[in-house]
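Q: Structure of the sequence below:
(2 chains)
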Amino acid sequence: MAWKSAAFLRRAEREDLDTVVSWMEDPDFLRFLYGDAARSPKQIRENIVAMLGRTTGQTMPGGVYLLIDSKEDGPIGLISLQNISWRNRSCSIDVYIGAKSMRAGMVAGVSWYRAMEYCFDELNLHRISAFIYEFNSASWRILERSGAKREMTLQEHVARDGKLYAMYCYGLLRDEFNALREEVAGKLKGKSLAEMIAAQRDEVAEPAS
Amino acid sequence: MITGNHAVIRTTDSDDAPFLQRLYADWPPRSSLLDRKRELIVPTADELRELLGRKDNPATALLAVEDLTGTVRGFCGLRQAGPELAYGELLLMLFDELHYREPLALETFAYLCKNAFAEKRLNKLLAHCLDTEPEWRGFLTGRGFTCDGKQRDVFFTRGEWHDLESFSLLRGAV
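A: Residues are numbered from 1 along each chain as shown, chains lettered A, B, ... in the order given. This next block holds a predicted model:
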């Protein structure tokens, strides 16, 4: 069956604050990504404001925060590109799907693919890293399907619910992404970043009556 | 100040800035000096003096390693992760790579291990190693560190990509 969702990526803005704060307060966000459960909503809000402030349209930002949005469903998730090194042409990436029902679906995979296109084709990066806890199998499976290599396993690295878990480090190089692109070109027809941008542009040019 | 049979370990002060600057200027670059983005910054002597003068900042808790004649042979320390993460990063930067084979290095390592596992109660020590640091790598594997893997093409300098290997030593293995 064809994938019908019209989810798209856009830069996160200040008006997204309430949505992002609600995701960050979600126990799943704290478990799968990072954060301190004891942080107050005010502190979370201040952190996000600072984060969104750093993502202004400068040519060489240290971080880029992209919202996965959808006309039908509203904001779905967040992609953050952090520690962007313009010297090493690398960054680390986190993908969080706030809408639980969509975590196992195509939205996460297609958004991840578009984020990779953005990193390699627009930011001209050479490498993407992702650090994922071992119990977050939905995320690391997407990475493995995209051709990323599990480069490191850090044993007993993070504590959750009184137990220590491993953290995996994945790396994806530009050549590996290009190989994936060739492989999935047919399957992802109409879903690339360029096609998404073109569709958005057409909507702006011809607003629905 | 900790005086051993081969090494003297002491806190640093602003007078150590020229020695630390020598490490930054050294070739090949030290993995321990790379920042979060795996970039090597090259601070001036003034910046290092200021950094070493800030006693309130735990991130600058570098210790100087001297031999028994009072000559600074390098620097060491533990870069601790957040309080909820029970691990720290081992730093041991000696000016001469061959010094990693000397008792001075072993004594310094024993001090850092005791500090990490017995005093700070850490669960794990991490260490990183660029592919240009064979002596440092040999030192780590010789002390029981196991390789966690290698991040490919993570650091770019002089027209080449370099890999960064990670090692860990669990408390139970000591």
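Q: what kind of secondary structure is whatever residue of chain A ends up closest to chain B in?
A: Going by Cβ to the nearest Cβ, chain B is nearest to A:M152 of chain A, at 3.1 Å. For every residue, glycine as well, the C-beta is placed using N, CA and C. Here A:M152 takes the strand state, with states given by DSSP: H, G, I helix; E, B strand; the rest coil.
Q: Next: the one 5 residues further on.
A: Under three-state DSSP, A:H157 falls in the strand class.
Q: from what I can see it touches B:A86, true?
A: No: here A:H157 does not reach B:A86: they are 9.3 Å apart, not a contact under Cβ atoms under 8 Å.
Q: average model confidence for stretch B:132-142?
A: Average pLDDT, stretch B:132-142: 96.
Q: now do stretch A:142-157
A: 92.
Q: For it, which outside residues touch it?
A: Residues from elsewhere that reach stretch A:142-157 (Cβ atoms under 8 Å, 6 or more residues apart in numbering or on different chains): A:95, A:108-109, A:112-113, A:116, A:128, A:130, A:132, A:140, A:164-172, A:176-177, A:179-180, B:85, B:87, B:123-124, B:126, B:148-152, B:166, B:168, B:170.
Q: List the buried residues for stretch B:28-41?
A: Of all the residues in stretch B:28-41, those buried under the rule 16 or more other Cβ atoms under 10 Å in any protein chain shown are B:29-34, B:37-40.
Q: Chain A: which of those is nearest?
A: B:K37 (3.9 Å).
Q: Ignoring the adjacent residues along the chain, who's closest to the residue of chain A closest to chain B?
A: Nearest residue to A:M152 in three dimensions, chain neighbours excluded: B:G149, at 3.1 Å (Cβ to Cβ, 6 or more residues apart in numbering or on different chains).
Q: CA-only coordinates of the strand or helix carrying that neighbour, as CSV, when you get a sec.
A: In this structure, B:G149 sits in strand B:146-157 according to DSSP states H and E. The C-alpha coordinates for strand B:146-157 follow below in CSV (Å, rounded to 0.1, in the frame of the first residue of the first chain):
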residue,chain,number,x,y,z
THR,B,146,38.8,-3.5,26.4
CYS,B,147,37.9,-2.0,23.1
ASP,B,148,34.3,-0.8,22.8
GLY,B,149,34.7,0.0,19.1
LYS,B,150,35.9,2.6,16.7
GLN,B,151,34.2,5.7,15.3
ARG,B,152,35.2,6.1,11.7
ASP,B,153,36.3,9.3,10.0
VAL,B,154,35.6,11.3,13.1
PHE,B,155,38.5,13.8,13.2
PHE,B,156,39.9,15.6,10.2
THR,B,157,43.4,17.2,10.2
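Q: Return the set of buried residues in that strand.
A: Residues of strand B:146-157 classed as buried: B:148-157 (neighbour count, 16+ other Cβ under 10 Å).
Q: Measure how far that strand is from the centre of its chain, please.
A: With Cα atoms, centre = their mean, to the nearest Å as the basis, strand B:146-157 stands 17 Å off its chain's centre.
Q: Tell me the helix or strand right after that strand.
A: Once the chain leaves strand B:146-157, the following helix or strand, as judged by DSSP H and E, is strand B:160-170.
Q: per-residue pLDDT, residue 3?
A: Picking chain A for this. On the pLDDT scale, A:W3 gets 50.
Q: try again with chain B
A: Here, the pLDDT recorded for B:T3 equals 92.
Q: go on, A:A50?
A: 72.
Q: Now do it: how many residues are near it, please.
A: Neighbourhood size, A:A50 [other Cβ atoms under 10 Å in any protein chain shown]: 9.
Q: Next, A:H126: phi, psi?
A: Dihedral angles phi and psi of A:H126 (degrees, to the nearest 10) take the values phi -110, psi -20.
Q: Does it touch A:S85 like I think?
A: No: look at A:H126 against A:S85 with Cβ under 8 Å: they stay out of range, at 9.7 Å.
Q: between those two, which one's more packed in?
A: A:S85 (21 against 18).
Q: What's opposite that one in the beta bridge?
A: A:S90 (DSSP bridges).
Q: OK, contacts around it?
A: A:91, B:37-39.
Q: from those residues, which single one is nearest B:A116?
A: For the contacts of A:S85, the residue nearest B:A116 by Cβ to Cβ is B:R38; the value is 23.1 Å.
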